[in-house]
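S.K.: Fold the stuff below for me.
(2 chains)
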Amino acid sequence: MKIHQFEVVVVGAGGAGLMAGLYASKSASTAVISKLYPARSHTGAAQGGIGAALGNLEEDRPEWHTYDTVKGSDYLADQDAVEFMCKEAPGIVYELEHMGLPFSRTDDGKIAQRFFGGHTNNETTKPVKRTCYAADRTGHMILQTLYQQSIKNKVQFYDEFQVLDLIKTDEGVAGIVALEIATGEMHVFHAKSVIFATGGWGRVWEITSNAFAYTGDGVAITLRHGIPAQDMEFFQFHPTGIYKMGILITEGVRGEGGILLNGKGERFMEKEGNAPNVKELASRDVVSRAMYMEMKEGNGIDGERYLYLDVTPETVNKYAAIDGRTRPDGTPYVVTGEEILGKLPDIIDFCETYLGVNPVTEPMPVQPTAHYAMGGIPTDNYGRVVMDKDRKEIMSGLFAVGENACVSVHGSNRLGSNSLLDLVVFGKFSGIEAAEHAKKTNYIPLPENPAAYAEQQLEALRNADGNERLSEIGREMKEIMFEHVGVFRVEEGMKEALEKIKELKVRFKNIKIDDKGKKFNMDLLNAWELSNLLDIAEVTTVAALNRTESRGGHARNDYKERDDENWMKHTLAWLEEDGVKLDYKDVVFTNFEPKKRVY
Amino acid sequence: MKKITLKLFRYNPEMDKKPYYDTFKLEAEPTDRVLDLMEKVKGYEDGTLSFRRSCAHGVCGSCAMRINGQNMLACKTLVQDLKTNKITVEPILGLPVLKDMIVDMEPFFINYKSVMPYFVNNSPEPSQERLQSIEEQERFDDTAKCILCGACTTSCPSFWSNDEYVGPAAIVNAHRFIFDSRDEGAAERLQILNDQFGVYRCRTIFNCTVACPREIEITKAIGEVKKAIVTGSLD
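M.R.: Now for the predicted structure:
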């Protein structure tokens, strides 16, 4: 076992972790540990862009961005946090540009912006160009830029180190335990501040846009230490994943004029009850539900469980004319195939590679795909972990940021292009805060054997010699969660899912691990990751069962309406020996009274 | 469904004195990714099979492998693309094999970091964005796509013969900044690459261009860097 000492340790090297590492390392000794090479992190898969009211192409204001985000959240976001994020947005996008991020450009050389769902001019209620982009690879550019700057600023990385445990004594947080994947050796990182930036957990579901690495490690670890997880029932299903594979097709496609069509060739988003005003540019929960209903009513393509996303110039131009859409100079919006190719090169590549479909000439077969966790470790605007419902108890020395955190700026449904924004804004402020915390405090002494629990966990798995296959347990979990804790939910189905998850957790104790070695034991780590996913699936399902209303990403067929009287509150969940315990905390309101959400 | 014979390079440093090949027969859809086949083997036949993977759709760069003799991403190669029922998967060449398909990427990243792969501009920052025209941005758009998978560098015979050569991936990432109108570090990078282990080790074999899963015109980019060194001009 090796012991290292750093004032700040960041776990995870995606957009949030890298930003936190860059800022913390300015004034404190900092290590960033990551189970992947930083450039492999899932931020790199984000496509469409980052939201900020720069107003480069038309009038826009941070206050409008704030309102749209609150409305998009179905009023569950904490309004002070949303205000903070949207106000910081323009400055942080300029900061990324100053770091060299190669944004696409407008004709006058400014950062290019496009339409995205739910982002509007609050006066006209029409869509507004707020999403700053680098073609359809904005996440790739953010990840690369932050990694490049980390190299420039000599941030200390521990690549391919798997975090296994948080070291927490009666005095507080003292560091983390990680496994060096290449050697199988345990490392203890003694730290004053620990920042979890481990990303999401879409791998709970069968159809997902998420990477294999998205197994919710940070949330699972903190749950095991009695730290609550917030709003876990709210998981976003992105409307447009490639049929059967789940690979993301950016909302930017619809921003550029792409249309959703059912098997009858109808533009169903304009139907009453869907989104007659902004149509395809409604927020994601609304579009995913409309798609689900179309397919359920037998309006899928050839009656199958998919629909078409059509961005061929003929279709785009036809509907742009019907909508009266214009260019910034007032001329009618007419696109060419070349222009589509220039703005969406990667998704065209994905469709050609995986489907043999060229989106410039043919529509893309799509279905909703598990995409983004609105919930996570509860924090304030500085990444500090908030333990209780009254927001009074801060877990000293512990921070969380990015998708594994819940500030909450996304409430029950995140607007597209707000995740990249969340990563960099809160990454920055948690990095600063973690370094300041380190300057004010001393190291808490390490307990006698800080890696004992992690070692015991791993050795139990390594020696597992039962007759259950990991792959089979994982498959059954994903299947039941997609079926019953997906776009639409109902009590009976969720109860069935919960029973199944409990059964799988019992069966997990009887797994067989083929690889007994130390070096690059991916079999072992995949088992540990699956144990995280099972815990998260259980918490998600219990939280979802208890919330007897429909709000944002949590849509119930047995409780179809939003119920502000009883449910305008965040869920807090604790994972205990005998199951999941729930409590609730108030939502912070500043300027916006809850209204019915209409797009 | 097709019947596939999957031949896999195997090496476990804790068990094996030397590498060997293992063969699995399995059913696959023509549209299955090679990565799907490997997951199937790992999940249902042999959990010890080790390889890196994450995004599974060609953007994270984890799963560069040598598939039927050519460097590709296992997640971006479909069974039908290979036009054969016999698929051989081996680790990429020129880097030490650590276990099965996993190679030591450190030499690759050391080369990458040696070319100042980051934005340099010491002028005062404007209050908003630095302006850049669409044409100026397009100048380095292609090389900015790089995902650092290593498929190019490990397909390059010059790199195989001497791994002190920085390799195509590093030059691609230098190109991305050298030709960025906002950047001020071009002269220094060109000096780094004007070295016996810099751009001149490139013999324009084009293996890198063929191997790139992002379809970056790598040989062309290297040529542009060579020209900039010779002419002292970025035009």
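
S.K.: When you work out contacts or count neighbours from here on, use the C-alpha atoms and nothing else.
M.R.: Noted.

S.K.: Without its sequence neighbours, what residue ends up closest to A:V485?
M.R.: A:M494 (6.2 Å; CA to CA, 6 or more residues apart in numbering or on different chains).

S.K.: and whichever strand or helix holds the one you found, which residues are buried?
M.R.: Assigned by DSSP states H and E, A:M494 belongs to helix A:491-508. Going by neighbour count (16 or more other CA atoms under 10 Å in any protein chain shown), the buried part of helix A:491-508 is A:491, A:493-495, A:497-498, A:500-502, A:504-505, A:507-508.

S.K.: and which of these is nearest to chain B?
M.R.: A:F508 (14.6 Å; CA to the nearest CA).

S.K.: what's the domain layout of chain A?
M.R.: A:2-236+A:373-440, A:241-370, A:452-559+A:568-586 (automatic domain parsing).

S.K.: same deal with chain B?
M.R.: Looking at automatic domain parsing, the domains of chain B come to B:2-103, B:106-231.

S.K.: Which of the ones you listed sits closest to A:N262?
M.R.: Closest to A:N262 of the domains of chain B, according to CA to CA: domain B:2-103, at 24.4 Å.

S.K.: does any part of that closest one sit near chain A?
M.R.: Yes. Domain B:2-103 reaches chain A (CA under 8 Å from any CA of the partner chain) through B:14, B:31, B:43-44, B:46-48, B:50-51, B:53-57, B:59-62, B:76, B:78, B:99.

S.K.: for that domain, how far is the first residue from the last?
M.R.: 30 Å (CA to CA, to the nearest Å).

S.K.: Quick one: mean pLDDT for that domain?
M.R.: On average, the pLDDT along domain B:2-103 is 97.

S.K.: Tell me the spacing between B:Y21 and chain A.
M.R.: Per CA to the nearest CA, to the nearest Å, B:Y21 is found 18 Å from chain A.

S.K.: Tell me how far A:K318 lies from A:K126.
M.R.: A:K318 sits 19 Å away from A:K126, taking CA to CA as the criterion.

S.K.: sorry, that was for A:G72
M.R.: Counting by CA to CA - A:G72 and A:K126 are separated by 15 Å.

S.K.: Among the two, which residue is more densely surrounded?
M.R.: For A:G72 versus A:K126, the count of surrounding residues by other CA atoms under 10 Å in any protein chain shown is larger for A:G72: 29 against 14.

S.K.: pretty sure that one is touching A:G118, no?
M.R.: Yes. With contact defined as CA atoms under 8 Å, A:G72 counts as touching A:G118 (6.5 Å).

S.K.: any common contacting residues for these two?
M.R.: A:S283, A:L415 (CA atoms under 8 Å, 6 or more residues apart in numbering or on different chains).

S.K.: re earlier: pLDDT value on the residue nearest to A:V485, please?
M.R.: Predicted confidence (pLDDT) for A:M494: 98.

S.K.: Okay, and which of the residues of domain B:2-103 next to chain A map to strands?
M.R.: Under the assignment DSSP state E, these contribute B:K99 to strands.

S.K.: Type out the PyMOL command that picks the buried ones from the residues of domain B:2-103 next to chain A.
M.R.: Buried members of the residues of domain B:2-103 next to chain A, defined by 16+ other CA under 10 Å, are picked up in PyMOL with:
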select buried, chain B and resi 31+43+46+47+48+50+51+53+54+55+56+57+59+60+61+62+76+78+99
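
S.K.: Could you pick out the longest helix of the chain?
M.R.: Just so you know, I chose chain A. As assigned by DSSP state H, the longest helix anywhere in chain A is helix A:522-546.

S.K.: try again with chain B
M.R.: helix B:218-231.

S.K.: about what we covered before: can you tell me which of the domains of chain A is most buried?
M.R.: domain A:2-236+A:373-440 (a mean of 24; mean count of other CA atoms under 10 Å in any protein chain shown).

S.K.: what about that one, near chain B?
M.R.: Yes. Remark: domain A:2-236+A:373-440 sits within contact range of chain B at A:39-42, A:44-45, A:91, A:94, A:97-100, A:102, A:104-111, A:140-141, A:145, A:148-149, A:151-152, A:210-213, by CA under 8 Å from any CA.

S.K.: What residues does residue 73 make contact with?
M.R.: Let's take chain A. A:S73 is in contact with A:V409, A:H410, A:G411, A:S412, A:N413, A:R414, A:L415, A:G552, counting by CA under 8 Å, 6+ apart.

S.K.: other chain: chain B
M.R.: B:L73 touches B:G58, B:G61, B:S62, B:C63, B:A64, B:M65, B:A151, B:P213, counting by CA under 8 Å, 6+ apart.

S.K.: any idea how far chain A is from it?
M.R.: Counting by CA to the nearest CA - B:L73 and chain A are separated by 12 Å.

S.K.: Minimum distance to chain B, which residue of chain A gives it?
M.R.: For chain A, CA to the nearest CA, closest residue to chain B: A:A211, 4.0 Å.

S.K.: From A:Y214, how far off is A:D563?
M.R.: Distance of A:D563 to A:Y214, computed by CA to CA: 32 Å.
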